[in-house]
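Enquirer: Show me the folded form of this:
(one chain, ligands or ions: 1)
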Amino acid sequence: MSTTNPFGKKGWTPDRIKDLSGKTFVITGTTSGTGYEAARILLSKDAKVVMLNRNPKKAADTIAQLKHLLGNKIDVLNITMDLGNQDSVKKAATEVLEKVDRIDALMCNGAIAQTPNRQTTEEGWEMQMGVNYFGHFTLQALLFPMIEKSSGRIVTVGSMGYDMGLKTIKFDDLNWDKDYTPNDAYSQSKLAQIMSMYELNARLKAAGKTHVKAYACHPGSSRTSLIATNGSFMMKLIFGIMKLTPLTQPAENGAYPELMCATEPDLDQTAFYGPTGRNNWTGPVGPHELKPHAKDKAVAKRLWDLSEKETGVKWNL
Ligand SMILES: NC(=O)c1ccc[n+]([C@@H]2O[C@H](COP(=O)([O-])OP(=O)(O)OC[C@H]3O[C@@H](n4cnc5c(N)ncnc54)[C@H](OP(=O)(O)O)[C@@H]3O)[C@@H](O)[C@H]2O)c1
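Expert: Next comes the predicted model:
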């Protein structure tokens, strides 16, 4: 891959976003971090934003804060959805389809990370896999008809963690009954999220539905609530120290890759987008290297087929 950033030395920034009146963006997890920043920037460009959050009180506070910042005229609503509960995801998807008539981009941003002890969802999935991957898989499939009608996009917020765990999907023990570690389980969920975007691209192409786009990106190392919400004491300590150093960037910068993937025309769907500085933790946003295991076709196909079976949700491709 070329080392030249197509967006110049500073990389992609939201200055490139034009007026978004008439466009609708659906974002998961906007009560803090990159999701909040992405929602704020989209609203500042006059988009309609539908937030999907699990905590109604936090969501109401978020909306109040955004109105305080941007004025009462902003077009924003929250629909309650817990990504870790498939019934809740299905109910929220139905509500989204009732409340909007187009989806220009579904931004799969919400997540938990580094859960210290193994937990499972009601469906029996390991919690990070259930929330980050299966929750979004179902949401994407159920909103796909409207995204397709709108010639819209699906944007997945992954992580450089995709390259920090087993570097494949643990099909023989998907839910970590054995050998659970917070990092391996988180990394698998993020790898699965990324792999499913490239697999979706292949399936869209095969179905002749190239007017729908799917992109994978990540926010680098950003100062958000991610570790504080769920991580162990040690992880909180380590990330707390990292937050004081230039190894991390403001949450706003972490929102740029997903905003770019949601709005920028003519992006390469085979690329992986994020900060292009050291370790891809900070720096100008653009396309950068993705290790081949994230595009292992056989693993991706097996994961997709298994995901349709596990969730019972079939994509209408
Ligand atoms: N920060 C980083 O350095 C970093 C690095 C790599 C990847 N990422 C990725 O960046 C994305 C955004 O994370 P962030 O760093 O901005 O973290 P954050 O500040 O913790 O934000 C995460 C958001 O997801 C929501 N969420 C968590 N569990 C949920 C569930 N079950 N259902 C619905 N929403 C849920 C949270 O809601 P609550 O307020 O209710 O908890 C919050 O709004 C994630 O996909 C994460 O994996 C972040």
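Enquirer: which residues touch Thr276?
Expert: By CB atoms under 8 Å, 6 or more residues apart in numbering, the contact set of Thr276 is Asn5, Gly11, Gly283, Pro284, Val285, Gly286, His288. For every residue, glycine as well, the C-beta is placed using N, CA and C.
Enquirer: With secondary structure and distance to the ligand as new columns, can these be given to me in TSV?
Expert: Listed next are these as TSV, based on DSSP: H, G, I helix; E, B strand; the rest coil; distance: CB to the nearest ligand atom, whole Å:
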residue	secondary structure	distance to the ligand
Asn5	coil	20
Gly11	strand	17
Gly283	coil	13
Pro284	coil	17
Val285	strand	14
Gly286	strand	17
His288	strand	14
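Enquirer: Scan those and report the most crowded one.
Expert: In terms of neighbour count, Val285 stands highest of these at 28 neighbours, by other CB atoms under 10 Å.
Enquirer: quick one: that residue and Gly33, what's the gap?
Expert: Separation of Val285 from Gly33 (CB to CB, to the nearest Å): 16 Å.
Enquirer: Check Ile227 and give its pLDDT.
Expert: Among the per-residue scores, Ile227 shows a pLDDT of 83.
Enquirer: Equivalent analysis for Gly240, please.
Expert: Looking at Gly240, its pLDDT reads 85.
Enquirer: Over to it. Which of the three states is it?
Expert: helix (DSSP: H, G, I helix; E, B strand; the rest coil).
Enquirer: what's the burial count for the residue lying closest to Asn109 once chain neighbours are set aside?
Expert: Of all residues not flanking Asn109 in the chain, Gly35 sits nearest, at 4.2 Å (CB to CB, 6 or more residues apart in numbering). Using other CB under 10 Å, Gly35 is surrounded by 29 other residues.
Enquirer: Give me every residue in the stretch 1-150 of the chain lying close to the ligand.
Expert: For the stretch 1-150 of the chain, the residues in contact with the ligand (CB under 6 Å from any ligand atom) are 28-35, 53-55, 58, 81-84, 109-113, 131.
Enquirer: from the residues you listed, which would you call buried?
Expert: Among these, those buried by neighbour count (16 or more other CB atoms under 10 Å) are 28-35, 53-54, 81-84, 109-113, 131.
Enquirer: how about the one helix or strand Gln193 maps to: buried residues?
Expert: Gln193 belongs to helix 182-206 when assigned by DSSP states H and E. Burial within helix 182-206, assessed by neighbour count using 16+ other CB under 10 Å, is assigned to 182, 184-204.
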